[in-house]
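[1] generate coordinates for the sequence data below:
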Amino acid sequence: MQLRPEQLSSHLEKPLQPLYVLHGDDPLLTIEAGDALRAAARASGYDERNVLVVTPAFRWEELFQASGNMSLFGGRTLVDLRIPTGKPGRDGGEALQRYCKSPPADVLTLITLPEMDWRAKKAAWFTALVNAGVAIECLAPSLTQLPQWIARRLAAQQQSAVPEALEFIALHVEGNLLAAHQEIQKLGLLHPPGVLTLAQVSAAVLNVARYDIDDLRTALQARDTARCARTLEGLRAEEAAPPLVLWALTMEARTRTIRPALLQAARIDRIIKGLATGDLWDEFLQLALRLTKTAA
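    You can find the predicted model right below:
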């Protein structure tokens with residue numbers, strides 16, 4: 001069985017399976033899923049916990065010994081096996097396949113791996129683990145999916161945010177879920193349950209250049225060409241995140257529905273993603289000039 005991280009909570013409301021495999025590229029999702037599984041194991045009577053970390057000196061007999069040891073208190077055991085490299089080697093691969101064929105009684109096994117590429121996922125040992133238990137792939141959402149991920153996290157603390165605010169957070173953290181998690185928690189501390197505005201979010205979210213981003217938006221709204229140029233130069237010097245700069249410019253173009261400006265913003269987006277060539281900051285300046293010189 002394979003699950004997404006967001007499906008784990010409802011899954012844990014049912015009886016636990018004997019084997020779980022965590023793998024993926026995102027540390028926050030992996031930590032949260034592991035913590036949730038360990039808490040569920042404790043609540044289900046798995047009082048003993050044996051943590052094993054696979055290093056070059058690791059002996060695979062330790063896995064069978066850890067799962068075979070009876071609890072001193074007559075309870076059940078959680079075997080927490082971590083393979084940081086994601087490569088158990090030939091001996092490890094064979095040991096894991098044997099382990100899956102005869103899972104020990106009264107033992108819950110949690111195996112944590114890093115992100116697995118398509119070749120590793122086809123390995124016999126990995127296939128055996130997935131077929132014998134529940135696999136949870138902890139992958140960070142894409143930038144386009146990130147606003148909805150943030151929205152779900154805000155909903156868990158009885159908050160929501162306007163779409164522009166969700167996009168602002170997503171662009172600020174640039175796919176770093178640990179940073180996003182911290183910002184969401186901070187919003188929960190700063191504001192009561194309810195709907196968050198763009199102003200509240202932009203004021204709370206940490207960004208060394210956030211005041212310059214606000215200055216850029218103010219200059220655009222005031223049609224102040226010189227101030228826009230100075231602000232863009234400052235943002236460039238501070239190495240501000242290009243997606244955040246583009247967001248500020250695009251928001252102004254959308255507000256006025258200026259089609260040529262939106263087309264230019266789309267071209268800049270392709271440059272940022274490496275799908276087109278061009279001088280990024282010159283493109284920013286040209287777009288700002290277009291927006292400040294366009295009649296209301």
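
[2] how many other residues sit next to residue 151?
    18 (other CB atoms under 10 Å). Glycine gets a C-beta too; all of them are placed from N, C-alpha and C.

[3] hmm, who's touching the strand or helix carrying it?
    Assigned by DSSP states H and E, residue 151 belongs to helix 146-156. Contacts to helix 146-156, defined as CB atoms under 8 Å, 6 or more residues apart in numbering, come from residues 6, 141, 160-161, 163, 166-167, 169-170, 173, 175, 177, 180-181, 184, 187, 196.

[4] likewise for stretch 173-193?
    Residues contacting stretch 173-193 (CB under 8 Å, 6+ apart): 26-29, 140-143, 146, 149-150, 153-154, 157-159, 169-170, 172, 196, 200-201, 204-206, 241, 243.

[5] can you say which of those are buried?
    Among the contacts of stretch 173-193, those classed as buried by 16 or more other CB atoms under 10 Å are 26, 28-29, 140-141, 146, 149-150, 153-154, 159, 169-170, 172, 196, 200-201, 204-205, 241, 243.

[6] list the ones among those that fall in helices.
    Counting by DSSP state H, the part of these found in helices is 28-29, 146, 149-150, 153-154, 169-170, 172, 200-201, 204, 243.

[7] flag the least confident of the residues you listed.
    Across those, the smallest pLDDT goes to residue 172, namely 81.

[8] give me the nearest residue to residue 44, chain neighbours excluded.
    Using CB to CB, 6 or more residues apart in numbering and skipping residues adjacent in sequence, the residue nearest residue 44 is residue 16, 5.6 Å away.

[9] quick one: pLDDT of residue 291?
    Reported pLDDT for residue 291: 90.

[10] what's the answer for residue 295, then?
    For residue 295, pLDDT reads 49.
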